[in-house]
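Q: Model the following, please.
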Amino acid sequence: MLKKNVETFMGCDAEYRDADIVLFGAPFDSTTSFRPGTRFASAAIRRESYGLELYSPYQDRELSEFSVFDSGDIELRFGDPRAALADIEKRAKTILSDGKLPFLIGGEHLVTLGSVRAAAKKYPDLHILHFDAHADLREEYLGARLSHACVLRRCHDLVGDGKIFQYGIRSGDKSEFVWGKEHVFTHLFDLNGLDETLDKLADKPVYLTVDLDVLDPSVFPGTGTPEPGGVSFDALRAALTKACSRLGVVAADVNELSPHYDASGASTAVACKIVREMLISLGARLRG
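A: Numbers count the residues shown, from 1 in each chain. Next up is the predicted model:
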C-alpha cells in the first residue's frame, strides 16, 4: 500500500485503494547532455497546479470526478541510471500489480524506460505511442547505452519491431532515422495522421510517453533541449486527449520540463494543463 504524498497534484487526493490512476514523480536528470534541471519538474508541477482549476472546458469534466492518487516522488540515486531505473520499475510494478494505471512525471526522458520495463512484463504485446522533438533512437550516446538520447532504442529492445509510433520528431542523428525506417514508425514534424495510428492501436495495450519538447519553444521554452518547429499547445492537447480516450493506455508519462529555464512560469503551467487533460481523459475511459 503506497502512502499519499503531503503535497499532491491538484485534485489527486483519492485514497490508494480507491484510485484508478496513481501519479509518481521521478526527479532524475543525470544523463542530460545539454541543459539539466528536469529533476525539479515534478515538484514544480505539483506546486503550480494549484493555479489551475479542476474543471476542463475542453472536455466539460472536472478532475475531481475521477479517483487519482499521488504517491509522491521516488528518492532516486543521482549518477546511477541503473539503480534509478530499477527503483522506477519497482514503483510502476507495484501500481500495475494492484490493477491501477501508473502515471509518471519526469525527469529526463530516460526515466520512461523503468516504467516501460514494468508495463512490458505485464503486457507482452505492449505498443508505445511517443510524442517528442527527438527520435531518441541512438544505440549509444558518448559511450552510454542508458541515456535520454537512447531511451526509445532501449524500449525497442523490449517490445521489438513495429510497436513504436513516434510523432513530432524533428531532430536526431542521421543514423537514428536510417535505423528507424526499418524498425519503428516515425512521423516527422507534426501530428498529422495520428487518427490512422490510433485505429491500428485500438485493441492493443499502449504505453503513452510525452516529451514536452515536442511543443514549439515559443510555447514551451522551459526544457533542456529546445527545438524550433514544434507543435502548438492545442494540437498536442487535442492529440493526447484523443489518444487517452480511444486507446487502451496501460501506463503513461510526461517528461522534460526544466522549470528554471522559463522564469515566467508559463512552461510549468503548460505542463500542468497537459497533465490535467490527460488525467481527465484517462479517468473517463477507465470509468467507462
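
Q: When you work out contacts or count neighbours from here on, use the C-alpha atoms and nothing else.
A: Fine.

Q: how near is F189 to P124?
A: Relative to P124, F189 is positioned 30 Å away (Cα to Cα, to the nearest Å).

Q: ok, those two, which is more surrounded?
A: It is F189, of F189 and P124, that has more neighbours when counted by other Cα atoms under 10 Å, with 17 against 11.

Q: Pretty sure that one sits against A135.
A: No: here F189 lies out of contact with A135, judged by Cα atoms under 8 Å, at a distance of 11.1 Å.

Q: which residues are in contact with both of those two?
A: Counting by Cα atoms under 8 Å, 6 or more residues apart in numbering, the shared contacts of F189 and A135 are I169, R170.

Q: Now do the strands in the stretch 1-150 of the chain.
A: Using DSSP state E, counting those that start in this stretch, the strands of the stretch 1-150 of the chain run over residues 21-26, 55-56, 61-62, 68-73, 101-106, 127-131.

Q: Present those as a markdown table; the columns should include mean pLDDT, mean neighbour count and distance to C150.
A: A markdown table is the format used below for those (pLDDT from 0 to 100; neighbours: other Cα atoms under 10 Å; distance: least, Cα to Cα, whole Å):
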| stretch | mean pLDDT | mean neighbour count | distance to C150 |
| --- | --- | --- | --- |
| strand 21-26 | 98 | 26 | 18 |
| strand 55-56 | 98 | 16 | 35 |
| strand 61-62 | 98 | 16 | 37 |
| strand 68-73 | 96 | 25 | 24 |
| strand 101-106 | 98 | 27 | 16 |
| strand 127-131 | 98 | 25 | 13 |
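
Q: Show me the one of those that comes nearest V275.
A: Closest to V275 of these, according to Cα to Cα: strand 101-106, at 8.9 Å.

Q: What angle do strand 68-73 and that closest one make with each other?
A: For strand 101-106 against strand 68-73, the angle by axes from the mean of the first three to the mean of the last three Cα atoms, to 10 degrees is 40 degrees.

Q: Which elements pack onto strand 101-106?
A: strand 21-26, helix 41-48, helix 81-97, strand 248-255 (3 or more Cα pairs under 8 Å, 6 or more residues apart in numbering; DSSP states H and E).

Q: Go through the ones you listed and name the closest to T225.
A: Going by Cα to Cα, the one of the helices and strands packed on strand 101-106 nearest T225 is strand 248-255, 12.2 Å.

Q: Flag the shaky bits of this structure, pLDDT-wise.
A: 1, 4-5 (pLDDT under 70).

Q: How is T186 assigned, secondary-structure-wise?
A: Following DSSP: H, G, I helix; E, B strand; the rest coil, T186 is assigned to strand.

Q: and it, how many neighbours?
A: Neighbours around T186, by other Cα under 10 Å: 18.

Q: distance of it from L236?
A: If you measure T186 against L236 using Cα to Cα, the figure is 16 Å.

Q: F9 contacts A44, doesn't it?
A: No: F9 lies out of contact with A44 (Cα under 8 Å); the separation is 9.9 Å.

Q: Between those two, tell me which one has more neighbours.
A: F9 (25 against 21).

Q: so who does that one touch?
A: I45, R46, R47, S49, Y50, D70.

Q: how about a cut-off of 6 Å?
A: With contact taken as Cα atoms under 6 Å, 6 or more residues apart in numbering, F9 is in contact with R46.

Q: now do L201
A: Per Cα under 6 Å, 6+ apart, neighbours of L201: none.

Q: and the gap between it and A118?
A: Here the criterion is Cα to Cα. By it, L201 lies 20 Å from A118.
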